[in-house]
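> Only the shape, not the letters, is given here:
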């Protein structure tokens, strides 16, 4: 096999395994923090705008210049009978969400989804607590208005299970915000704008979907995203933007998505907070995404990371005198699971469960594997055992491919001396025609013996959709989150046998993970049991394969332990399978000459004997009768 065939073999067999989705997730670099400009270099701002900006920054929001509120000629002071309400903080259960609310800014300060714990498995999970300073959600701003609504007190009333916030912007404009449970992990958010003045008002507003979202773990490697469901021709497509690639808050304008949106917000590995427009009352809507950076809450000392912020903006509204404008939204803040998003499938929220892949059939296989995993868990009561049973099932289904791959390897091993003889005849010849003739002779030799150089690689390529499907299914299955197996506390995270007590660079990150090390050992053992080819180039391929196994273990050092458990079990079963297949093929090879010799020594089958001729009657005996005395 010449150098070009060797390179082609490497690219086909191993390149696709390296360039895959989990490589990007595993080695994504932490975001760089930009240094703020010195105070002397910042332009001065008018007193009122500076105060509003400081209040907005303290509340976790960012001023924007994309929308304006045009006041009428009526006075802008608050009504004379309006008394500034005292600040109230309260905690309420709305549906399956436990919310901490603040009447100052009429915002949500904490979102605790029912039935879910933080990364440590003990404390409640707050989806807004990404940094040491928690963010907020559902704060409302009117850009260009004389009053910062996200930094002043609102009247707060409880009407049954609903919470109602009221506040005048000026003497002519009142705003009402209403939060009510909408089932599951969702709220119905309604905004009402009432023009009590005598002239029309040009109106725009910005509603904060989420000021940040907590990553699954407080490490820079854990990515969060800005997400949007973009309406296309008859379907909704998910668009996601990693937080590390978004503009930083306060330094650059946010990324603006102005396409027709079914929903928009932020998402982590297992959770999402998104806003769904229910009633559009005119205007131009868009989703603005930006990046926040800081020290991650609950992380090791000095560990910083990034999160995403989403704001839903509406511009170009006109409010006539005495008219009221109402907009309704659905706000979802919960897990990305089929059960949780099923009631909101009409709004496309099932797209948040993203198992898509560029590998054909991988997404469909992911869904099949997840259903099988849940089925086995229902029978066995353990996701660890369910993963092992799923591994045995997949290995059994792929056994014919594994056997075909080893059979091809053994054929190529036998033909290696003949291939070397052909190459020796053409040694030193460099013309293109002579090299083509050499390759033709080698291919003719393969054809006569029923061998193919790519037959050993083809089974691996056919297994690639299964590999990607299993990775997506196990790595992003929220059902594995915080489920225990043996010494593993959480199958959705690395097994972390030992805490090293300090932050280390990737991939160690301060923990000793046992399963990836065992997986590499089993893979190397399995590879050593493969037939050793006499050809130097094929030997180089096997050495490269062992190196790839080590690289494979490095990349898998920080992936979920449930996924590593699958590959460890698969490698252990594959080692036994390789040995058994090799024994079967060698026995078949040894029995083949004996069967052929027995067939040659067997005597030829004699022709069947002809039947004896019929006995003819004697002449003159026809019609005689025997007489008796």
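Alright, I've got the coordinates. None of these values were measured; they are calculated from a predicted model.

> Verify the stated contact: residue 570 with residue 394.
Yes - the criterion here is Cβ atoms under 8 Å, and residue 570 meets it with residue 394 at 7.3 Å. (Glycine included, C-beta is placed from N, CA and C.)

> residues of the longest strand seen in the chain that come out buried?
In the chain, with assignment by DSSP state E, the single longest strand is strand 304-319. By 16 or more other Cβ atoms under 10 Å, the buried positions in strand 304-319 come out as 305-315, 317, 319.

> Equivalent analysis for stretch 557-574, please.
557-574.

> what bits of the chain have low per-residue confidence?
1-81, 280-281, 301-302, 452-460, 462-463, 502-508, 529-542, 592-629 (pLDDT under 70).

> Okay, helices next: where are they in the chain?
3-10, 16-18, 21-26, 47-58, 338-341, 362-380, 383-397, 399-425, 432-448, 458-475, 514-528, 536-555, 561-601 (DSSP state H).

> For residue 124, which of those is the nearest?
helix 338-341 (17.3 Å; Cβ to Cβ).

> that older thread, could I get the buried residues of strand 304-319 in TSV, plus columns for distance to residue 86?
Below are those laid out as TSV (distance: Cβ to Cβ, whole Å):
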residue	distance to residue 86
305	37
306	36
307	32
308	34
309	29
310	31
311	28
312	29
313	30
314	30
315	33
317	31
319	29
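
> Once you drop chain neighbours, what's closest to residue 515?
residue 564 (4.2 Å; Cβ to Cβ, 6 or more residues apart in numbering).

> Contact partners for the one you found?
Residue 564 makes contact with 494, 495, 513, 515, 516, 519, 556, according to Cβ atoms under 8 Å, 6 or more residues apart in numbering.

> Nearest to residue 238 among these?
residue 556 (26.4 Å).

> Could you double-check that the closest one sits in contact with residue 519?
Yes - with contact defined as Cβ under 8 Å, residue 556 counts as touching residue 519 (6.6 Å).

> what residues are shared contacts of the two?
By Cβ under 8 Å, 6+ apart, the residues touching both residue 556 and residue 519 are 564, 567.

> so residue 573 touches residue 393, yeah?
No - using Cβ under 8 Å, residue 573 is not in contact with residue 393; the gap is 10.8 Å.

> Residues that sit against both of these two, list them.
What both residue 573 and residue 393 touch, as defined by Cβ under 8 Å, 6+ apart, is an empty set.

> Return the set of residues that bridge with residue 264.
residue 228, residue 275 (DSSP bridges).

> Please report how far it lies from residue 367.
According to Cβ to Cβ, to the nearest Å, residue 264 and residue 367 sit 25 Å apart.

> Those two: which has the busier surroundings?
Between residue 264 and residue 367, counting by other Cβ atoms under 10 Å, residue 264 is the more crowded of the two (26 against 15).

> so that one touches residue 230, yeah?
No - using Cβ under 8 Å, residue 264 makes no contact with residue 230, being 9.0 Å away.

> shared neighbours, these two?
residue 257.

> List of residues touching stretch 341-349?
183-184, 186, 229, 236, 262-263, 274, 276, 330, 332, 350, 352-353.

> If we use 7 Å, what do you get?
183, 184, 186, 229, 236, 262, 263, 276, 330, 332, 350, 352 (Cβ atoms under 7 Å, 6 or more residues apart in numbering).

> Which members of those residues are positioned in strands?
Among the contacts of stretch 341-349, the members that lie in strands (by DSSP E) are 186, 229, 236, 262, 263, 276, 330, 332.
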